[in-house]
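Chemist: sequence first, then the predicted structure, then my questions.
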Amino acid sequence: MHSGSKKSAVYLLYSNITRYFLLSFLSCIKHCVVIVNAAVLVYKCLYQAALTYLAQLCSSVSESASRGHLRSAARGDLAVARSRTTRYGQRCFAVSGPTLWNSLPLTIHDPSLTLTQFCARLKMCYSAGHTKH
């Protein structure tokens, strides 16, 4: 009877470890999907394929007269709105969208890319772990 309880304890240990890794893996996939969807929404905002109120939240640094001379303007970065709260302010699209866009590699910022090409490069880049997140 002692060996039976030992086997069930080992099974319980492995099932808990498997459950932990499965939940971690699913959490990682969920995070990737959220990042890709947000980046696609920013792309659509920049190329007038999104709703107007969302597109207004994604303005280029080069559009500002006081910031047009910065390196971020030459790179095609977006202006990140200031947030007053640290808990919820970073999660709103006005902050998280431009922050995500600015963290992407310059090869994805190419304005000549179609939406399909952008999605393919984004998924390839994010799955390879090239982003700063």
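Modeler: Cool, the structure landed. Quick caveat, the model's predicted, so the values are computed rather than measured. Residues are numbered from 1 along each chain as shown.
Chemist: now the helix or strand where Q117 lies: buried residues?
Modeler: Assessed by DSSP states H and E, Q117 sits inside helix 115-128. Of all the residues in helix 115-128, those buried under the rule 16 or more other CB atoms under 10 Å are F118, R121, L122, C125, Y126. (Glycine included, C-beta is placed from N, CA and C.)
Chemist: how about stretch 103-110?
Modeler: Residues of stretch 103-110 classed as buried: L104, I108, H109 (neighbour count, 16+ other CB under 10 Å).
Chemist: need those residues in TSV (columns: pLDDT).
Modeler: What follows is the buried residues of stretch 103-110, written out as TSV (pLDDT from 0 to 100):
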residue	pLDDT
L104	86
I108	85
H109	81
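Chemist: so can I have a markdown table of those showing distance to V95?
Modeler: Formatted as a markdown table, these follow (distance: CB to CB, whole Å):
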| residue | distance to V95 |
| --- | --- |
| L104 | 16 |
| I108 | 20 |
| H109 | 19 |
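Chemist: dump these to TSV, plus distance to R91 and secondary structure.
Modeler: Converted to TSV, the buried residues of stretch 103-110 look like this (distance: CB to CB, whole Å; DSSP: H, G, I helix; E, B strand; the rest coil):
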residue	distance to R91	secondary structure
L104	19	coil
I108	22	coil
H109	23	coil
